[in-house]
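Participant: Structure for the following, please:
(2 chains)
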Amino acid sequence: MASYNPPVVEPKWQDFWLKNKTFKTPALPSGPKYYILDMFPYPSGAGLHVGHPEGYTATDILARYKRMRGFSVLHPMGWDAFGLPAEQYAIETGTHPRLTTEKNIGNFRRQIQALGFSYDWDREVDTTDPKYYRWTQWIFLLLHDTWYDAVEKKGRPMADLPIPAKVASQGETAVRAFQDSHRLAYQAELPVNWCEALGTVLANEEVVDGRSERGSHPVVRMPLRQWMLRITAYADRLLEDLETLDWSESIKEMQRNWIGRSEGAEVGFSLEKGAGTIRVFTTRPDTLFGATYLVLSPEHPLASAISAEERKEAVRAYQETAARKSDFERTELAKKKTGVFSGAFAINPVNNARVPVWIADYVLASYGTGAIMAVPGHDERDFEFAREFQLPIVAVVRPPQEWLEKTGSTLESLTEAFTGDGVACNSGEFNGLDTGEFKLRISHWLEKKGLGQAKVHFKLRDWLFSRQRYWGEPFPLLHEVNSEGKATGVVEPLAVGELPLELPALEDFRPSGKPEPPLGKAKAWVKVERNGKSWLRETNTMPQWAGSCWYYLRFIDPLNSGSFCDKNLADAWLPVDLYIGGAEHAVLHLLYSRFWHKVLFDRGFLPGAEPFHKLINQGMILGEMEFTAFKKGEVWVSASEVDYDGRQGVEKKTDQALAGQKVAEDQVEKKGDAFVLKAMANIRVDARAYKMSKSRGNVINPDQVVEEYGADSLRLYEMFLGPLEATKPWSMRGVEGVYRFLGRVWRLFIDDRAEHSSLLPSLIMAPPGKETLRFLHQTIKRVTEGLETYRFNTAIAAMMEYVNHLTPLEVKPRPALEPLVLLLAPFAPHLAEEIWQALGNQDSLAYAPWPLAVEEFLKEDAIEVPVQINGKVRLKLTVPPDLDEDALREMALAHEKVKELLAGKTIRKVIIVPGRLVNLVVS
RNA sequence: GCCGAAGUGGCGGAAUUGGCAGACGCGCCGGACUCAAAAUCCGGUGCCCGAAAGGGUGUGUGGGUUCGAUUCCCACCUUCGGCACCA
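Facilitator: All right, here's what the predicted structure looks like:
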């Protein structure tokens, strides 16, 4: 075993770490703490993917580095194991999801352990373990027992909810209804996204373009009783607290957009006939004079009530069509606006104009008041609709002259909506006001007259929290039923002592095809008798997000059977100092977690209002670069003539489908800014790296890489590939490159021609030369800085440079080489441990002190300073590093070559940056 | 359409308080070792002209600021990610 042999070295140290519990974290930190977290995986049947180890390697490197710097490091791993695939598999094969899940977890654990990550495995959690989901259920009950006090801006226990006297006087049922309507977890009958293929209701977030995010099955809307979580109560705090977080601006922006706070005004338009008022929400109250009609969403409660007798049938028909439309159809057909006139008119409060009330599905029932005032002159959607139905368009904001010219509009006749700010016109007493000023004035005016008030709305909706599936956490609640078996509306939470409420055994996992949850099949489980009453258990289950909302808390105190997490331990470890994971969770998981965390914080269980202090999203790793050429029959077609989405090519001018053909790298060459066939330089080739996918067949399996090159090479390669946050293509050749580097490090220490791992004879206890010493300390500095700023690629490059310096040395001074092992240890821990041991150390280097760069050794004796003439480098001076400006000028001007180049020219200016450059500006 | 990120050799990438563009790795070319191959080691490698010395040119495109721009400003193009009738 003399040459570098990962298959022997790596399992040896993995066993060592496990056996010795090298990475066991104490219950409480001793000294400074560092909580570094990965987004735990869903253990799919497909196994690990090279995307997983990217983030895991980054966190592992930092965890190991922080340990060497004396931190108490909490670095755990677990499984987000509830969810659809295991259940789908159960439906297809009859295998219980428990078995599938256990098998998959076993496989994931094996794969992850083969990569040498320094997790404390004693803290492993599994969201499907009743000992875990007991506390998920407990948190749900806490949400159920919490209401949001808008004055104190805080979640508080139900016991604190003041009951208005009027409600109290109406009796127990009214009080209960009042309480239920304030809980953070509540039931609602509402149109949901029912996906028949998956047999479940999906959250809005899980529906993409009217299809399920998972599997892309059609989704239709239907009303159903659901559990909801009142995340909207926390919208403001979720928005404001983003400021306190060290997250990338783009992720924060995505969350802000998702929360979608918008300021505007609510205005009442009274109906011409009858006493009713239509309330609308607008962000442009300054355009009130331009409101030429109103629009109600088809689901608006007034929609049918206000309709004129002769329009009722048309309205009803339209409502029906709109209700039948799936979200998909709504967005697909959005190109052309539809709607019906209700026959009713309302009065514009600012100018008493009589405006028609229309019903159209471009207005959403779920946002604002479900009704809008339409200002076609200044809103693109209203403009489109007004055009379609020949409604009047009035300009009330004067667009700039250029805009009118560009669009061919006049103030009297707009060719498109002007949505910018400007100066008001056609607005009575408000004419001449700027948009901003107008908004303020009109809001006050409306408020004074009792016609409206300033108002804030959010795009964020309450969170639909129930699923009609088996493989999820059961809700720990009972519904009271009367003697006829009908629900009375009384809901009884289980006592804490009754948790966990375990999933019943089930043999048939098939969804019924109707939105009735499979748990309903467990008849004996569902029916409960207690206190002389009959009850039914809730048969919905929680969504996959539930378990992942709080797992980072359980890691702090994973075995606690009396609490989800001890308060003292939470105080000591929170917040998570660094959280790394994929950007696909930028909105949902992170928003949901923040919400739960805030509730737990409000209720006094946690020390701070935010869970994750710093967040980094690792970039996606794409497959290897692919070159694709196109053929029409037997004739090549240049890629510039083809629209190609990665699967299907279509010739631009004929719309004819073309067969894409993979071309080997050595068949193409770069010409200009594109790749062409070597054989035919006029035929361009599509060159791209694609997302890894089974169907494309470009998935890289980490097991294979480990087998061929070892875990250290995989780890190092994934970090060397480029910046952590960037999307980057995989290259097997690149893995080979870092593998060679590790081999060179090995041979720096170990005699690879010897029988056993013995040190090289040239490795001797001698003081290093000055240059080597400087190189070492510069390397320490660069690697340390790289780690502190998460730039692993450049840290690795620094070590490579140092190794390149050491390799040719005939005598290897041990004091200059030993620190290299420590620098490399976080990146390639197996190799480092093996060499460390060969150097005679008894203990693991996991807690060896990190090398420190000594300022004194970093200094250079001489540096090169470029001399530029008119910005072009003409020569370089070798000078002492601290040479001052005057001396540099003198040296530069005295130089033979400078004299030569300046002959006959006049020096206009001399710019000197000591230590950096000299620039002579001449004419 | 809107929001965000990014465009640098054949490829991945490095360099930012504005100061030597291309570190490091891959690939490629040449050499050493070898009977040979692999492995390893040494040297070269942005592009153009040139035998060389040397010169020119160059960080998506076009402009600007500056002694000096990959870095700052304006406009545009392309790619990727997110949102998408949210009034």
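
Participant: What about residue A:603, how many residues nearby?
Facilitator: 17 (other Cβ atoms under 10 Å). (Glycine included, C-beta is placed from N, CA and C.)

Participant: ugh, typo on my part, it should be residue A:857
Facilitator: 16.

Participant: which secondary structure element contains the residue nearest to it when sequence neighbours are not counted?
Facilitator: Once flanking residues are discounted, residue A:857 sits nearest to residue A:777: 4.2 Å by Cβ to Cβ, 6 or more residues apart in numbering. Assigning secondary structure by DSSP states H and E places residue A:777 in helix A:770-788.

Participant: who's in contact with the residue in the stretch 401-550 of chain A that RNA strand B sits nearest to?
Facilitator: Residue nearest to RNA strand B within the stretch 401-550 of chain A (Cβ to the nearest atom of the strand): residue A:459, separated by 3.7 Å. Contacts for residue A:459 (Cβ atoms under 8 Å, 6 or more residues apart in numbering) come out as A:257-262, A:367.

Participant: One more: residue A:457?
Facilitator: A:261-262, A:264, A:281, A:367-368.

Participant: still on that earlier bit, ok, so what distance separates the residue of the stretch 401-550 of chain A closest to RNA strand B from residue A:728?
Facilitator: 33 Å (Cβ to Cβ, to the nearest Å).

Participant: ok, now which ones touch residue A:291?
Facilitator: By Cβ under 8 Å, 6+ apart, residue A:291 lies in contact with A:348, A:355, A:373-375.

Participant: most neighbours, which of the contacts of residue A:459?
Facilitator: residue A:259 (20 neighbours).

Participant: That one against residue A:458, yeah?
Facilitator: Yes. Between residue A:259 and residue A:458 there is a contact under Cβ atoms under 8 Å: 5.9 Å.

Participant: Mutual contacts of these two, please.
Facilitator: With Cβ under 8 Å, 6+ apart as the test, residue A:259 and residue A:458 both reach residue A:235.

Participant: which residues in the stretch 501-650 of chain A form strands?
Facilitator: A:527-530, A:533-537, A:576-582, A:612-618, A:621-632, A:635-637, A:642-644, A:649-651 (DSSP state E, counting those that start in this stretch).

Participant: same check, this time on the stretch 351-500 of chain A
Facilitator: Using DSSP E, counting those that start in this stretch, strands in the stretch 351-500 of chain A cover A:354-359, A:371-374, A:397-398, A:423-424, A:452-458, A:463-464, A:477-481, A:487-493.

Participant: Please tabulate those strands in a markdown table and include mean pLDDT as additional columns.
Facilitator: Below are these laid out as a markdown table (pLDDT from 0 to 100):
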| stretch | mean pLDDT |
| --- | --- |
| strand A:354-359 | 96 |
| strand A:371-374 | 96 |
| strand A:397-398 | 92 |
| strand A:423-424 | 92 |
| strand A:452-458 | 92 |
| strand A:463-464 | 92 |
| strand A:477-481 | 95 |
| strand A:487-493 | 92 |
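
Participant: Give me the pLDDT value at the nearest residue to residue A:137 once chain neighbours are set aside.
Facilitator: Closest residue to residue A:137 apart from its sequence neighbours, by Cβ to Cβ, 6+ apart: residue A:476 at 4.3 Å. In this model, residue A:476 is scored at 97, pLDDT.

Participant: cool, residue A:331 as well?
Facilitator: pLDDT, read off for residue A:331, is 60.

Participant: before we move on, what about residue A:335?
Facilitator: pLDDT, residue A:335: 66.

Participant: Please apply the same query to residue A:485.
Facilitator: 82.

Participant: ok, now residue A:661?
Facilitator: 86.

Participant: Low-confidence ranges, the stretch 651-800 of chain A, go.
Facilitator: Scanning the stretch 651-800 of chain A for pLDDT under 70 picks out the ranges A:755-757.

Participant: again, only this time at 50
Facilitator: Filtered on pLDDT under 50, the stretch 651-800 of chain A yields no residues whatsoever.

Participant: At which residues are the helices of it located?
Facilitator: Assigned by DSSP state H, counting those that start in this stretch, the helices in the stretch 651-800 of chain A fall at A:702-709, A:711-720, A:732-749, A:770-788, A:792-806.

Participant: can you tell if the longest one touches RNA strand B?
Facilitator: No. Counting by Cβ under 7 Å from any atom of the strand, no contacts exist between helix A:770-788 and RNA strand B, the nearest distance being 8.5 Å.

Participant: Show me what that helix is packed up against.
Facilitator: Contact here means 3 or more Cβ pairs under 8 Å, 6 or more residues apart in numbering; DSSP states H and E; on that basis helix A:770-788 packs against helix A:51-68, helix A:792-806, helix A:814-824, helix A:855-858.

Participant: Is RNA strand B within reach of the very next helix or strand once past the last one?
Facilitator: Right, helix A:855-858. Using DSSP H and E, the helix or strand that follows helix A:855-858 towards the C-terminus is strand A:863-869. Yes. Counting by Cβ under 7 Å from any atom of the strand, RNA strand B is contacted by strand A:863-869 at A:863-864, A:866, A:868.

Participant: Just the buried residues out of these, in PyMOL syntax.
Facilitator: Paste this into PyMOL to select the buried members of the residues of strand A:863-869 next to RNA strand B, with burial taken from 16 or more other Cβ atoms under 10 Å:
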select buried, chain A and resi 868
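
Participant: From the residues of strand A:863-869 next to RNA strand B, pick the one nearest residue A:640.
Facilitator: For the residues of strand A:863-869 next to RNA strand B, the residue nearest residue A:640 by Cβ to Cβ is residue A:868; the value is 41.3 Å.

Participant: before we move on, back to that, compare the strands of the stretch 501-650 of chain A and give me the one nearest residue A:904.
Facilitator: With Cβ to Cβ as the measure, strand A:621-632 is the member of these nearest residue A:904 (53.0 Å).

Participant: Is the closest one positioned near RNA strand B?
Facilitator: Yes. For strand A:621-632 and RNA strand B, the contact criterion (Cβ under 7 Å from any atom of the strand) is met by residue A:625.

Participant: which other helices and strands contact that strand?
Facilitator: strand A:635-637, strand A:642-644, strand A:649-651, strand A:657-663, strand A:684-691, strand A:728-729.

Participant: helices and strands around the second one, which ones?
Facilitator: This points to strand A:642-644. Using 3+ Cβ pairs under 8 Å, 6+ apart, strand A:642-644 sits against strand A:621-632, strand A:649-651.

Participant: let's see it at 10 Å
Facilitator: Judged by 3 or more Cβ pairs under 10 Å, 6 or more residues apart in numbering; DSSP states H and E, strand A:642-644 is in contact with strand A:621-632, strand A:649-651, strand A:657-663, strand A:684-691.

Participant: Tell me the strands beside that strand, with direction?
Facilitator: strand A:649-651 (antiparallel) (DSSP bridges).

Participant: Might you enumerate the residues of the stretch 651-800 of chain A proximal to RNA strand B?
Facilitator: Residues of the stretch 651-800 of chain A lying close to RNA strand B by Cβ under 7 Å from any atom of the strand are A:670, A:691, A:720-723, A:726-729, A:731, A:733-734, A:736-738, A:740-741, A:743-744, A:747, A:791, A:793-794, A:796-797, A:800.
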